[in-house]
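> Predicted model and sequence below, questions to follow.
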Amino acid sequence: MTYLWFKAFHLVGVVAWFAGLFYLPRLFVYHAEANEQPEAVRTVLQQQYQIMEKRLYRIIMTPAMVLTVAMAIAMVIVAPDLLKEPWLHIKLGLVVVLLGYHHFCARLMKEMAAGQFRFTGQQFRWFNEFPTVLFVIIVMLAVFKNSFPTSAASWSVFGMIVAMAAIIQLYARKRRLEKERLAASSNESDEMADGLRAKGSA
Ligand code: HEM
């Protein structure tokens, strides 16, 4: 029974941790894209993103990460034979990578607060997909354990990466077309204004 309590709160921690791991890099995308805005708008937006990132990291992500790991350790203490399971060794390896990602996010946050942008908005979109891939593999490992369906898993991860690449490229294309349309319409209105001015002075 105690084990199930730990497992339940392990899962609560996982859900909250991943909410942050998915949303924080999305804020990084907007934060980096705010750089392309005029000075006044840029300052306001970047200050707002900094506050949102800091709160998300400190109030949700880090406590949820601690809860996930603490509950996992508690499960292993209650059922120490788990440590002999090969699936858990692989899962632990992937969790170490995830912890690295978590801490790297904190470093990126500090850099951006100091005005240093290591990645562009488009690169952050790719960065944002990394925890998704880890999430799917870790959950599959936790569920299938030692009978992990290797080939089905590799194909689903491969399919997911291709789908993400396609979505990111399509979105970038949509934004480029929107920008071109905006630039064309502002050129048109400039030309109209010039025409009216020329008429007025004639
Ligand atoms: C310190 C790192 C972690 C350790 C040591 C750990 C360990 C464990 C253990 C021992 C179980 C119970 C397995 C069972 O009773 O069948 C479990 C369940 C589970 N874990 Fe983790 N875990 C860790 C991190 C994570 C992360 C990061 C995720 C999500 C990406 C995750 C997702 C799950 C899921 C979905 C289950 C439920 C599996 C089931 O009951 O079928 N775990 N974990």
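The structure has been received and is ready for your questions.

> Name the residues of the chain found near the ligand, please.
7, 10-11, 14, 68-69, 72, 75-76, 82, 91-92, 95, 98, 135, 138-139, 142-143 (Cβ under 6 Å from any ligand atom). The C-beta positions use only the backbone N, C-alpha and C, and glycine is treated the same way.

> Does the biggest helix by length in the chain pack against any helices or strands, and if so which?
Ranked by residue count, the top helix of the chain under DSSP state H comes out as helix 150-201. With contacts taken as 3 or more Cβ pairs under 8 Å, 6 or more residues apart in numbering; DSSP states H and E, helix 150-201 sits against helix 121-144.

> And the contacts of the helix it packs on?
18, 21-22, 25-26, 28-30, 32-33, 36, 87, 90-91, 94-95, 97-98, 101, 119, 148-149, 153, 156-157, 160-161, 164, 168, 171-172 (Cβ atoms under 8 Å, 6 or more residues apart in numbering).

> Taking these, please make a ChimeraX selection of just the buried ones.
Here is the ChimeraX command that selects the buried residues among the contacts of helix 121-144 (16 or more other Cβ atoms under 10 Å):
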select :18,21,25,28,29,30,32,33,87,91,95,98,119,157,164
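
> With adjacent residues omitted, what lies nearest to the residue in the chain that the ligand sits nearest to?
As assessed by Cβ to the nearest ligand atom, the ligand sits closest to residue 72 within the chain, at 3.2 Å. In this structure, residue 72 finds its nearest non-sequential neighbour in residue 10, 5.6 Å apart by Cβ to Cβ, 6 or more residues apart in numbering.

> follow-up on the earlier one: secondary structure class of the residue of the chain closest to the ligand, three-state.
At residue 72 the chain is in helix, as set by DSSP: H, G, I helix; E, B strand; the rest coil.

> what about it, neighbour count?
Neighbour count for residue 72, taken as other Cβ atoms under 10 Å: 21.

> Go ahead and confirm it touches residue 9.
No. The pair residue 72 / residue 9 is not scored as a contact, 10.0 Å apart, by Cβ atoms under 8 Å.

> Need the residues touching each of these two.
Common neighbours of residue 72 and residue 9 (Cβ under 8 Å, 6+ apart) do not exist.

> check contacts around residue 154.
Under the criterion of Cβ under 8 Å, 6+ apart, residue 154 has no neighbours.

> Mind pulling the model confidence for it?
Residue 154 is assigned 78 on the pLDDT scale.

> Quick one: distance of the host helix or strand of residue 51 to the chain centre.
Remark: residue 51 resides in helix 39-55, with elements defined by DSSP states H and E. In terms of Cα atoms, centre = their mean, to the nearest Å, the centre of helix 39-55 is set 18 Å apart from its chain centre.

> list the buried ones in it?
Quick answer for helix 39-55 (16+ other Cβ under 10 Å): 45-46, 49, 53.

> Against residue 104, how distant is residue 49?
Here residue 49 is placed at a distance of 18 Å from residue 104 (Cβ to Cβ, to the nearest Å).

> Oops, could you answer that again for residue 69 instead?
From residue 69 to residue 104 the distance is 17 Å (Cβ to Cβ).

> Could I have the CA atoms of stretch 85-93 written out in CSV?
What follows is stretch 85-93 as a C-alpha-only set of coordinates in CSV (Å, rounded to 0.1, in the frame of the first residue of the first chain):
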residue,chain,number,x,y,z
GLU,A,85,15.7,-4.5,-13.2
PRO,A,86,17.4,-3.7,-16.5
TRP,A,87,14.5,-1.5,-17.6
LEU,A,88,15.1,0.7,-14.5
HIS,A,89,18.8,1.1,-15.3
ILE,A,90,18.0,2.4,-18.8
LYS,A,91,15.2,4.6,-17.4
LEU,A,92,17.7,6.1,-14.8
GLY,A,93,20.1,6.8,-17.7
